[in-house]
Structure formats: structure tokens, C-alpha cells
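> Pasting the sequence and the predicted model now:
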Amino acid sequence: MQNNTSEPVRQPVLRLRAEPRSTNAHGRVQAGWLLHQIDLAGATFAERITKGAVTTVAVNAFQFAHPIHVGDVVSIYASCLRQGQKSVTLKLEVEGERMSGEVVAITDLITTYVAIDANGHSRLI
């Protein structure tokens, strides 16, 4: 999925509110919670492309540019960077909308998913 400038089209995949149960004792969202949400969003997007089940095979390092606070609305966007015979590589971008309406870039990362069959073996897309 690309636009006229040959750049991947960014699509919204998941939007949710950060709740107290996803935070540490200081009211900041924990990285593990966010990584779980990112993987759900990425897998959902990859499954649309591959028309079936996928498994995560790689996630590059990611860094928080801003913290996520309780009440922030977290939006995860995906774009397809590469589609191979059995895998797709995605760029996932995370933004947070503060209660004030300010939108901040939280992080971005590259993930790769492999299409799998019912037995968990890789399959052609």
C-alpha cells in the first residue's frame, strides 16, 4: 500500500487509552504493556496483508521519545515496508494524545512477521 510518492501509506491499526493497570508506581506506562499493544497491532495489519495467521520473527530496538501517562490515548499506525514470499516487514509508529489535546510521537519501530499455516510452518503469501 503506497501513495503517489512511493512511500508506504500509514494506516491506523489500534487506538486505546492508557489505564492505571498498565503503569508503574509513578504513573507511567510500562514498556512491556506498550510492546504487547504494538505486537497486536502489527500482527493484525500483517494478517490482513497475508490473509492468514502470522508470527513475529523480529522487532528492532525502540526508544521512548516521550512517556505515556494514564489517560493518554495511544494510537498505533502501520505501513508495509516490504512484502516477500513468506514475510512482511512493517513500520509501526506510536503516538500519544494528552488530555490537553497535544499529540506527541512516542516511538517507532520495524517488525517482521512470517505467514504461517495451521501447523505453525511458514507458508507462501
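Looks like it came in fine.
> For the residue positioned nearest the centre of the chain, give me phi and psi.
Geometric centre of the chain, nearest residue: residue 38, 3.4 Å, by C-alpha atoms, centre = their mean. Main-chain torsions, residue 38, degrees, to the nearest 10: phi -60, psi -40.
> Residue 94 is in contact with that one, correct?
Yes. Using C-beta atoms under 8 Å, residue 38 is in contact with residue 94, at 6.7 Å. From N, CA and C alone the C-beta is placed, and that goes for glycine too.
> Spit out the residues that contact those two alike.
Common contacts of residue 38 and residue 94 (C-beta atoms under 8 Å, 6 or more residues apart in numbering): residue 76.
> returning to that earlier point: show me what contacts the residue nearest to the centre of the chain?
Counted by C-beta under 8 Å, 6+ apart, residue 38 has contacts 59, 76, 92, 94, 109, 111.
> And the pLDDT for it?
pLDDT recorded at residue 38 is 96.
> next one: stretch 54-70 to chain centre, how far?
Using C-alpha atoms, centre = their mean, to the nearest Å, the distance from the centre of stretch 54-70 to the centre of the chain it belongs to is 7 Å.
> ok, the helix or strand bottoming out on mean pLDDT in the chain: who's next to it in the sheet?
None of the helices or strands of the chain scores lower by mean pLDDT, DSSP states H and E than strand 11-17, at a mean of 93. Next to strand 11-17 in the sheet, as set by DSSP bridges, lie strand 73-83 (antiparallel).
> ranges for the helices of this protein?
31-50 (DSSP state H).
> how about low-confidence regions in this structure?
1-7 (pLDDT under 70).
> Kindly list the longest strand within this protein.
strand 103-115 (DSSP state E).
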